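Engineer: Here's my sequence, what's the structure:
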Amino acid sequence: NFINNLQNFGIQKIFKEKNLNIAGILKKKNLKLSSNPEFLAGFFTLQGLSSFFSVISLNPQKGERVLEIAAAPGGKATYISQLMENTGICVANDKNKFRLDSLVSSIHRLGIENSIVTNFDGSFFHHKMKGFDKVLLDAPCTGTGIIAHDRRIKLRKINSAILINTTLQKRLLLSAIDSCKINQEKKGYIVYSTCSILVEENENIIQYATEKRNVKIAQTGLNFGLPGFTKYKNKVFNKKMIFCKRFYPHIHNVDGFFVCKLEKNK
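Structural biologist: Next up, the predicted model:
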């Protein structure tokens with residue numbers, strides 16, 4: 001009945017792959033979710049399909065301690081809790097106190113019980129908490145991958161935005177790595193993602209992290225998408241950058257997206 005109600009409302013469930021078998025596609029425009037009983041009751045939520053990819057790559061398991069270091073508005077954090085079946089601990093942090101309202105609202109509406117919401121500067125989060133099994137950083141970026149449905153991005157001064165964003169992205173990624181634990185029994189993993197297609201915000205940042213911290217690029221676990229660049233103009237990157245995944249609107253019919261998984265070493 002639930003699936004039938006969604007289809008009647010204009011949402012079609014079309015995926016059969018593991019971890020995506022709970023996803024559907026909006027088939028109608030201008031749907032009023034606020035009037036849908038199933039949405040209000042927390043049976044489903046709304047986010048871009050490409051936003052699933054970083055969480056699938058992170059592969060959170062029951063009972064783990066997971067951190068999302070820039071979590072608002074909460075689509076990925078709540079999906080992490082769903083995959084963990086409300087066990088373990090999922091710390092959802094965001095620096096912007098005003099954006100936490102939507103995060104907390106989503107957590108309550110979806111019935112999430114294993115989340116802790118914090119309001120710290122992600123760049124210094126490792127000074128507050130450490131010892132997480134896995135860390136997700138969906139970094140603030142220029143948003144060049146979502147121009148198709150956010151035309152305002154075309155009006156931004158990209159060059160100046162890149163300079164500001166890349167400085168922040170480097171600091172956030174190093175903090176994410178430092179917040180992740182390592183031990184003999186279990187490896188620590190960090191997933192870095194952006195909704196940007198720019199090399200400056202993706203491969204450049206990963207290259208910086210591999211040079212500053214003892215991490216290596218791991219397989220994302222995603223069986224589609226294009227590999228990351230190992231060369232770009234006059235720059236040569238780590239050979240394992242091919243393990244990263246790039247997604248493009250005109251090829252994969254999703255928002256432009258980048259996903260990289262890092263394994264933390266001693």
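
Engineer: Do a quick rundown of the helices in the protein.
Structural biologist: Ranges of helices within the chain are 2-9, 37-40, 51-58, 75-83, 100-109, 158-179, 203-212, 249-252, based on DSSP state H.

Engineer: quick one, which of those helices is nearest to F120?
Structural biologist: helix 158-179 (9.8 Å; Cβ to Cβ). Quick note: C-beta positions are derived from backbone N, CA and C, even for glycine.

Engineer: So, low pLDDT: which residues of this structure?
Structural biologist: Of all residues in the chain, those with pLDDT under 70 make up the ranges 14, 16-19, 155, 184.

Engineer: just to revisit the earlier point, looking at the helices of the chain, spot the one closest to S193.
Structural biologist: Proximity to S193 (Cβ to Cβ) singles out helix 51-58 among the helices of the chain, at 3.8 Å.

Engineer: Go ahead and confirm G256 touches C141.
Structural biologist: No - applying Cβ atoms under 8 Å, one finds G256 not in contact with C141, separated by 10.2 Å.

Engineer: Give me the common contacts of those two.
Structural biologist: Shared contacts of G256 and C141 (Cβ atoms under 8 Å, 6 or more residues apart in numbering): 195-196.

Engineer: Let me know which of the helices of the chain is the nearest to I147.
Structural biologist: Proximity to I147 (Cβ to Cβ) singles out helix 249-252 among those, at 8.3 Å.

Engineer: buried stuff in stretch 257-265?
Structural biologist: With burial defined by 16 or more other Cβ atoms under 10 Å, the residues of stretch 257-265 counted as buried are 257-264.

Engineer: Out of those residues, which sit inside strands?
Structural biologist: Using DSSP state E, 257-264 are the members of the buried residues of stretch 257-265 that sit in strands.

Engineer: so can I have CSV of those residues showing distance to I251?
Structural biologist: Listed next are those as CSV, based on distance: Cβ to Cβ, whole Å:
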residue, distance to I251
F257, 11
F258, 14
V259, 15
C260, 18
K261, 21
L262, 25
E263, 28
K264, 31
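
Engineer: rewinding a little: go through the helices of the chain and name the closest to H126.
Structural biologist: That would be helix 158-179 among the helices of the chain, by Cβ to Cβ, at 3.7 Å.

Engineer: same for the closest one, what does it pack against?
Structural biologist: strand 134-138, strand 188-194, helix 203-212 (3 or more Cβ pairs under 8 Å, 6 or more residues apart in numbering; DSSP states H and E).

Engineer: Name the residues that touch it?
Structural biologist: So helix 158-179 is in contact with 67, 69-70, 122-126, 129-132, 135-137, 139-142, 144, 190, 192, 194, 198, 200-201, 204-205, 208-209, 212-213, 215, 262, 264, going by Cβ under 8 Å, 6+ apart.

Engineer: now swap in stretch 198-207 and tell me
Structural biologist: 139, 141-142, 144, 162, 165-166, 169-170, 173, 192, 194, 196, 217, 228-229, 232, 235, 237-238, 241, 244, 246, 258, 260, 262.

Engineer: 6 Å - rerun?
Structural biologist: 141, 144, 162, 166, 169, 194, 228-229, 232, 237, 241, 258, 260 (Cβ atoms under 6 Å, 6 or more residues apart in numbering).

Engineer: Can you tell me how far the residue lying closest to R213 once chain neighbours are set aside is from V191?
Structural biologist: In this structure, R213 finds its nearest non-sequential neighbour in I177, 4.8 Å apart by Cβ to Cβ, 6 or more residues apart in numbering. Using Cβ to Cβ, to the nearest Å, I177 is found at 11 Å from V191.

Engineer: Cheers, nothing more for now.
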